[in-house]
Structures are given as structure tokens and as C-alpha cells.
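Enquirer: Build the 3D model from these lines:
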Amino acid sequence: MNKRLSIFLLIISACLIAFIANLNIRFFFKESEDTQKILWVTDTHFTLRDRSINHFVELASSSKYSNVFITGDIANDGILGILHLIEKKISKPIYFVLGNSDHNYYQEILNVQKSIKQNFEKSKFLHYLDNKIIFLDEKYALIGFDGFANTWVANEYSQFHKLIESLKVNIEHSIKMDSKKIIILTHVPPFKESCWYRGKVSSGKQAEQYYCSALGNLLLDLSKKNKQIKFIVFSGHTHHVSAEKFPIGDKHQNIDVYVGNKFVEGENKFNYYEINNKNFQPNIKHDFSE
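Expert: Below is the predicted model:
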């Protein structure tokens, strides 16, 4: 009887391992002091000839940061070369998604994603959040979604449909695993109300290129069904800072959306954010280099 039970448990264990592997879920239990923070940057638009990448490497290497988040538009050209340089220079977990400047969304979205995955799937520190759930600890799930704006068109609409369906599966599995907070890194903000320009919400047809209604609708639906969970979104794309609970005045108060300013502003000003490890609220910082 014991032998049969052992065989049964072995089979169950194998099935669970295969199931988790198929979902592409990764576990990363962060062992850092409470005083450490997460560094978040967005829209860095690096080139290999740009000195700003050296400033970023120095900043990210600081012992005050346990992890690094990058929410797209990492490079203006040569995304693979930039990522290899970051991987070589920074020895701590870096979680990132891609933005529209990282590849041609109109034609090459799947090809570039495939190339990034092939180059960095075994990286110790550099983690592309294409279709993964990473647990920062027992309560916090981290999920990535490259995203797309309402006006972008792929060769086949099914490309974008697959992306949003994959995100939905990952969020639902995070919910089933009792995550208290689900952190989503994406490039394009999910709501029009989060897209600010010159101190006010963008309007008209121009606003359509700055947010992803498919992501917004998904978050509204899942947040309504799971009010016990806090959904926290970090995004970029607009090059203007915004922090909103969405929708304002509505019952969906378990969604926080943060839109980051571009990393490089002018000749020598660098914008970045320090995220508190406990409540995941970011504070904007500025560096001025000589």
C-alpha cells in the first residue's frame, strides 16, 4: 500500500512540475532588507554611444536597490547590444518589458520577442517578463506585458489578442495562488485618465496612441471580481509623469496606475523612481550630471 501511495505521489509531483513549467511561472523570493528599494526607470532610449547608459549602470548598481524595473523603450537602436551591456554591468535582478522603440511593432513584434527570449532566457539577472509570473515574495506577484496602443496595427490582429490573453491567464493564476498584490510592468498605460500631457489628461484622437484600452478593460473586469487584491501598474510611453487610482470616484479603487517620466530629460537631467518594497509606491528622483 505504501509503495502504491509513493508512486501516486511521485506521479502527482511530476504533473505539478510539468504544469508549472508549462505556465512559465518563475519563483524569486527576495531576501533583502526593508530599507532597500526598487529602482524603476522608463523610456531610457539608450544607444551604445550615449553616456546616459553609464549613468544608469552606476545608479542601478547602488546597494540601496534590491531590484530594477524597466518599463519599455529601452533602446532607440540595437536593443540586443544594450541589454547585453546591462547584463554584463549590473549584478542584481532586472525585470523589463519592451516598448515601441525597441522594435517595429507594426511588423516585427513576435520576431523581436523571440530573439530577446532566446538571448536572455538563461540569464542570471536579466529577466524579460514576456509570459512569466515572478513572485517577489509570498504575497506579491510580478507580471509583464509589453502592451500596445489603441492605434497600433500588427500584421495580424491576433498577435495583440494573444498577448492580452496570455496576460489574463497569468493574472488569474496569480489570483489562484493567493497573491495580495499583483504588480504589472507594461509600456503603454491602461487608461486614458492616466495619460497626462502638459498638466492635464490627453484628449481627442491623439490620446488613442497613448493608452491601451484592452489592458484597461481586463484590469477593470478582474479588479471588480477580486476586490481583495491590489493591482499596481507601472508604465511609461507618454514621457509625462502621472499617478492615479482609477477610475477616480468609482468603485474600482483597488487599481493604482503609475506612469513614469522619460529617464533622460535635456542634456544632464535624469529622472528615476524609488519604489518602496512594502507598499510599492514610487517616489520620483532627479539626478544632475556634470
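Enquirer: and the gap between the nearest residue to Gln36 once chain neighbours are set aside and Leu136?
Expert: With sequence-adjacent residues excluded and distances taken as CB to CB, 6 or more residues apart in numbering, Gln36 is closest to Ser66, at 4.2 Å. (C-beta placed from N, C-alpha, C; glycine too.) As judged by CB to CB, to the nearest Å, Ser66 and Leu136 stand 9 Å apart.
Enquirer: rewinding a little: any idea how many residues pack against the residue nearest to Gln36?
Expert: Around Ser66 there are 19 other residues, counting by other CB atoms under 10 Å.
Enquirer: so it sits in a strand?
Expert: Yes. Counting by DSSP: H, G, I helix; E, B strand; the rest coil, one finds Ser66 located in a strand.
Enquirer: That one contacts Ile275, correct?
Expert: No. Applying CB atoms under 8 Å as the test, Ser66 and Ile275 come out as separate, 9.9 Å apart.
Enquirer: packing partners for the helix or strand hosting Ile232?
Expert: Assigned by DSSP states H and E, Ile232 falls within strand 230-235. Of the remaining helices and strands, those touching strand 230-235 by 3 or more CB pairs under 8 Å, 6 or more residues apart in numbering; DSSP states H and E are strand 65-71, strand 181-186, helix 213-225, strand 255-259.
Enquirer: Can you check the pLDDT for Asn283?
Expert: Per-residue pLDDT puts Asn283 at 86.
Enquirer: for Gln228, that is, sorry about that
Expert: At Gln228, pLDDT is 93.
Enquirer: Just grab the bridge partners of Leu142 for me.
Expert: Going by DSSP bridges, Leu142 is paired in beta bridges with Ile134, Ile183.
Enquirer: still on that earlier bit, let's have the helices and strands packed on strand 230-235 in CSV, adding distance to Ser235.
Expert: Below are the helices and strands packed on strand 230-235 laid out as CSV (distance: least, CB to CB, whole Å):
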stretch, distance to Ser235
strand 65-71, 6
strand 181-186, 5
helix 213-225, 9
strand 255-259, 5
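Enquirer: In CSV: those, plus distance to Phe270 and mean pLDDT.
Expert: Below are those laid out as CSV (distance: least, CB to CB, whole Å; pLDDT from 0 to 100):
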stretch, distance to Phe270, mean pLDDT
strand 65-71, 14, 95
strand 181-186, 20, 95
helix 213-225, 28, 91
strand 255-259, 17, 90
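Enquirer: quick one on the thing from earlier: any idea how far the strand holding Ile232 is from the chain center?
Expert: Relative to its parent chain, strand 230-235 has a centroid offset of 9 Å by CA atoms, centre = their mean, to the nearest Å.
Enquirer: begin at 39 from here
Expert: Yep, numbering from 39; the last one is strand 268-273 now.
Enquirer: Mind exporting the C-alpha coordinates of it to CSV?
Expert: Provided in CSV are the C-alpha atoms of strand 268-273 (Å, rounded to 0.1, in the frame of the first residue of the first chain):
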residue,chain,number,x,y,z
LYS,A,268,-4.5,45.4,-5.1
PHE,A,269,-3.5,45.8,-8.8
ILE,A,270,-0.5,48.1,-9.3
VAL,A,271,0.6,49.1,-12.8
PHE,A,272,3.9,50.7,-13.7
SER,A,273,4.1,52.1,-17.2
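Enquirer: follow-up on the earlier one: compare the helices and strands packed on strand 268-273 and give me the one nearest Asn321.
Expert: When these are compared by CB to CB, strand 293-297 sits nearest Asn321, at 10.6 Å.
Enquirer: chain center to whichever helix or strand comes after the closest one, what's the gap?
Expert: As assigned by DSSP H and E, the chain's next helix or strand after strand 293-297 is strand 302-303. Its chain's C-alpha centre and that of strand 302-303 lie 20 Å apart, by CA atoms, centre = their mean.
Enquirer: Would you mind giving the secondary structure of Leu121?
Expert: Counting by three-state DSSP, the backbone at Leu121 sits in helix.
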